[in-house]
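Asks: Sequence first, predicted model second:
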Amino acid sequence: MPTNHQIHLDNRPTGEAVASNFKLVTTETPALQDGQVLVRHHFLSLDPYMRGRMNDAKSYAQPQALGQTMGGGTVGEVVESRNPKFAVGDKVVGMGGWQEYSVVDANLMGALRKVDTTHVPLSAYLGAVGMPGVTAWYGLVKIIEPQAGQTVVVSAATGAVGSAFAALAKARGCRTVGIAGGPDKCTYAVNELGFDACIDYKLHSTAASLSKAIAEACPNGIDGYFENVGGMVLDAVLPRMNAFGRIAVCGMIAGYDGQPLPLSYPALILTQRLKVQGFIVSEHMEIWPEALTELGTLVATGKLKPRESIAQGLAAAPEAFLGLLKGKNFGKQLVKLL
């Protein structure tokens, strides 16, 4: 069996995550048992939610165990199989984690899924046609529930979730506005992703200044907001929400290092009769087939053109992940393992 390299969580961060929280480990892959397959990972997904799991704190998921392989989504190829449902050469998506190979009990429901790379590239199954895309779909379709002509806004607009959100919202006839960091990202958001406008939050040092820019981009107010960031961005958006607006809370990356994120004007939730709903996409598996069908069609027809930031080799994963938390990525952050 081949030698495997893994990245473990070696110790928990105190405040900001650092590279020394991780450890590169070499191990041997075990022999397969009946029902198992060996997958060689081609790409590893890096996602902001992983930062929360590094903490030993109450959350929707168990903390990442110390001394164990970091969890995460992977796509790859079956290189050995003792399961009749999977053949050598099958392209698959799963939760193989931060390692080059994984041994998977392919009989477990949802542990491994075959994917078709005829019209959709393999890496897209970790982004636009994977968990991030479905996350955008659920927040938009099930929580924001937009009507044609309404205005919707998304923070972290050029990331994996934000770019899918744009395509899905435009397909529903919405005015779609993004918030992103830097002129390059905002130009890309408008010219490539189809946003009607994009606001560069880095030009604004206060929530009041950012809120004024949002008002100019959203002259009819905001009917739906998809939150990935929190902090100053949420403070800037809240005063622009229309009555009976809907806010889908997917992430709070501004607070992932543990600092408090107080709201300046929480009374607006009452006075504007807002719906504010957090969600975890893995708790809604019933909608995944419908969402993936729409997302796959958008990618295959060129209506969703996801951009990727690709780090080379497993050893590069920690620094790429830390960069993701600081917004250094441009599009979906992946690690190429093969």
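Replies: On my side now, so go ahead. Numbers count the residues shown, from 1 in each chain.

Asks: I'd like to know which elements whichever strand or helix holds residue 133 is packed against.
Replies: Per DSSP states H and E, residue 133 falls inside helix 131-138. Packing partners of helix 131-138 (3 or more Cβ pairs under 8 Å, 6 or more residues apart in numbering; DSSP states H and E): helix 160-171, helix 288-300. Where you see a C-beta, it was placed from the backbone N, CA and C, and this is true even at glycine.

Asks: As CSV, the ones you listed with distance to residue 106, mean neighbour count and mean pLDDT would be great.
Replies: Compiled in CSV, the helices and strands packed on helix 131-138 are given as follows (distance: least, Cβ to Cβ, whole Å; neighbours: other Cβ atoms under 10 Å; pLDDT from 0 to 100):
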stretch, distance to residue 106, mean neighbour count, mean pLDDT
helix 160-171, 26, 27, 97
helix 288-300, 18, 18, 96
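
Asks: Redo the ones you listed as JSON lines? Include distance to residue 87.
Replies: Formatted as JSON lines, these follow (distance: least, Cβ to Cβ, whole Å):
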{"stretch": "helix 160-171", "distance to residue 87": "30"}
{"stretch": "helix 288-300", "distance to residue 87": "22"}
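
Asks: Of all the ones you listed, which one comes closest to residue 107?
Replies: The closest of the helices and strands packed on helix 131-138 to residue 107 is helix 288-300. By Cβ to Cβ, the value is 19.5 Å.

Asks: distance of the most centrally placed residue in the chain from residue 99?
Replies: Nearest to the mean C-alpha position of the chain, by Cα atoms, centre = their mean, lies residue 132 at 4.0 Å. According to Cβ to Cβ, to the nearest Å, residue 132 and residue 99 sit 21 Å apart.

Asks: Tell me which helix or strand in the protein has the weakest average pLDDT.
Replies: Lowest on mean pLDDT, DSSP states H and E among the helices and strands of the chain sits helix 49-53, with a mean of 93.

Asks: so after it, what's the next helix or strand?
Replies: strand 74-81.

Asks: which outside residues touch the following helix or strand past that next one?
Replies: Using DSSP H and E, the helix or strand that directly follows strand 74-81 along the chain is strand 91-94. For strand 91-94, the surrounding residues in contact (Cβ atoms under 8 Å, 6 or more residues apart in numbering) are 37, 39, 73-78, 86, 102, 104, 111-117, 122, 125-126, 130.

Asks: what lines up beside strand 91-94 in the sheet?
Replies: Partners of strand 91-94 in the sheet, by DSSP bridges, are strand 74-81 (antiparallel), strand 112-114 (antiparallel).

Asks: For those strands, give me TSV that also has mean neighbour count, distance to residue 187 and mean pLDDT.
Replies: Shown next, in TSV, are these (neighbours: other Cβ atoms under 10 Å; distance: least, Cβ to Cβ, whole Å; pLDDT from 0 to 100):
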stretch	mean neighbour count	distance to residue 187	mean pLDDT
strand 74-81	22	29	98
strand 112-114	17	35	96
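
Asks: Dump those into TSV; add distance to residue 90 as well.
Replies: Formatted as TSV, those follow (distance: least, Cβ to Cβ, whole Å):
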stretch	distance to residue 90
strand 74-81	4
strand 112-114	5
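
Asks: doesn't residue 316 make contact with residue 19?
Replies: No. Using Cβ atoms under 8 Å, residue 19 is not in contact with residue 316, being 10.7 Å away.

Asks: neighbour-wise, which of the two wins?
Replies: Neighbours per residue, other Cβ atoms under 10 Å: of residue 19 and residue 316, the larger number sits with residue 316, 15 against 9.

Asks: The helix holding residue 133 relative to helix 288-300, how many degrees between them?
Replies: Counting by axes from the mean of the first three to the mean of the last three Cα atoms, to 10 degrees, helix 131-138 lies at 110 degrees to helix 288-300.

Asks: and residue 137, what is it in contact with?
Replies: With Cβ under 8 Å, 6+ apart, residue 137 has these contacts: 164, 168, 287, 291, 294, 295.

Asks: now the helices for this structure?
Replies: Applying DSSP state H to the chain gives helices spanning 49-53, 131-138, 160-171, 183-191, 207-217, 232-237, 267-271, 288-300, 317-325.

Asks: Residue 260: which of the ones you listed is closest?
Replies: Taking Cβ to Cβ, helix 232-237 is the member of the helices of the chain nearest to residue 260, at 13.1 Å.

Asks: what's that closest one in contact with?
Replies: 153, 155, 179, 201, 204, 206-208, 210-211, 214, 222, 225, 227, 254, 261, 263-265.

Asks: can you tell which of the strands paired with strand 91-94 is closest to residue 197?
Replies: Once the strands paired with strand 91-94 are compared by Cβ to Cβ, strand 74-81 is nearest, at 33.4 Å.
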